[in-house]
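**Student:** Could you look at this predicted model? Sequence included:
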Amino acid sequence: MAQIYNFSAGPAVLPASVIRQVQSELVSYKNSGMSIMEISHRSSLYTDMEAEAEKNLRKLMSIPDEYDVLFLQGGGTLQFAMVPFNLARKNKRAGFIDTGHWAQRAIEEARLVPEIKADIVASASSTNYTTLPDVPNLEKEYDYVHLTLNNTIEGTMYRELPNALNGQILVGDMSSNIMAQRYNVGDFGLIYAGAQKNIGPAGMTVVIVKHELLDDRPELPAMLSYVKQAAKHSALNTPPVFAIYVAGLVFKWLLDQGGVDEMQKRNEKKAEFLYNYLDSSRLFSAPVKKDARSITNIPFVTGNEELDQRFIVAAQENGLVNLKGHRSVGGMRASLYNAFPFEGVQKLVEFMEKFEQSVGGNR
């Protein structure tokens, strides 16, 4: 089979060694005679596996003991409502930094929660989300301020947190760059991340929440309550066993590779290689301002929609797949998650150079 490089924004590329291990263990997990997809979530086979996954995630992200780690369902999208239900208690008000599509979705969902007010405290809409917004000093007391750390569609990313939050409780959506960029967990009250971009297959969401923020709210349905989920160790109902299993294998792989800091170095190298080409190209360009650029999701365009489509088709024929940009912005997008190899970026740039020469290098 010809080599395929998968640039998908999610579900995304997984480490090849993890895929092989899943394949080898799929029929009989730990010589149990049962597939990982068949074992009971009440058995030691599962509880030992889940405990090890949590232990390795805590090690990778340096998660303090005072934080609960939950493996939930519903994707990052469910967290858009679950966070305000659980955290917006005192002031009934949350602040949002509008950095693009997924931040807007979080705002929309929070506004559907009864009695909760969702304020946009800063927005990059005036630059069509090609920059990160300037955050003013926040004088209102919010129950939390929500920030999307990496914007998968727009291709922007926070390397450093805004310094104008004035001690507000920060909630971070890390769905697309968790463990790809080092952040200090202690700077956040809560972090959440859907698994299908940089952790494993779809079906699991990681939630890391400071325990002191949790307050039992009996009026909340059990599946929407962090307190009730934490009390049952993410097994209030049948958990996403297979997704947690694969995530655990990815956590082990990350530790073997050198952890988050090593991943960040590799990701910066991959991104720099592609951005250097884009900045020198006469055909392709990156729309995002340099100081806001993501090292994980890199959008680019030719400036001609027909030419963009020709490139996407030709790239697919050459084993460079899933480069089509999000439908809301068009163009192309290369997603360079932890498991994506540097050689794939080299092959992409080589192909882009040939394509540029073939069309004369004119936008």
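**Tutor:** All right, it came through fine.
**Student:** low pLDDT regions in the stretch 51-200 of the chain?
**Tutor:** Counting by pLDDT under 70, not a single residue of the stretch 51-200 of the chain qualifies.
**Student:** The stretch 101-250 of the chain: strands as residue ranges?
**Tutor:** For the stretch 101-250 of the chain, the strands defined by DSSP state E, counting those that start in this stretch cover 117-123, 144-148, 150-151, 156-157, 170-173, 190-194, 205-210.
**Student:** and among the ones you listed, the most buried is which?
**Tutor:** Highest mean neighbour count among the strands of the stretch 101-250 of the chain (mean count of other Cβ atoms under 10 Å): strand 150-151, with a mean of 27. C-beta: built from backbone N, CA, C; applies to glycine.
**Student:** Return the distance of that one from the chain's centre.
**Tutor:** Computed by Cα atoms, centre = their mean, to the nearest Å, the chain-centroid distance of strand 150-151 equals 8 Å.
**Student:** Paired strands for it, with orientation please.
**Tutor:** With DSSP bridges as the test, strand 150-151 is paired with strand 156-157 (antiparallel).
**Student:** what helix or strand does residue 353 sit in?
**Tutor:** helix 342-358 (DSSP states H and E).
**Student:** quick revisit: dump the strands of the stretch 101-250 of the chain to a markdown table, plus distance to residue 29.
**Tutor:** Shown next, in a markdown table, are those (distance: least, Cβ to Cβ, whole Å):
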| stretch | distance to residue 29 |
| --- | --- |
| strand 117-123 | 43 |
| strand 144-148 | 36 |
| strand 150-151 | 33 |
| strand 156-157 | 37 |
| strand 170-173 | 32 |
| strand 190-194 | 25 |
| strand 205-210 | 22 |
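**Student:** Out of those strands, flag the one nearest residue 354.
**Tutor:** Closest to residue 354 of these, according to Cβ to Cβ: strand 156-157, at 29.1 Å.
**Student:** Among the strands of the stretch 101-250 of the chain, which comes closest to residue 327?
**Tutor:** strand 150-151 (15.5 Å).
**Student:** Contacts for that closest one next, please.
**Tutor:** 99-103, 129, 156-158, 174-177, 180-181, 294, 296-297 (Cβ atoms under 8 Å, 6 or more residues apart in numbering).
**Student:** So which of these sit within helices?
**Tutor:** Per DSSP state H, helices hold the following members of the contacts of strand 150-151: 101, 102, 103.
**Student:** Can you tell me which of those lies closest to residue 51?
**Tutor:** When these are compared against residue 51 (criterion: Cβ to Cβ), the nearest one is residue 102, at 30.9 Å.
**Student:** residues in contact with that closest one?
**Tutor:** Contacts of residue 102 by Cβ under 8 Å, 6+ apart are 76, 148, 151, 152, 153, 173, 175.
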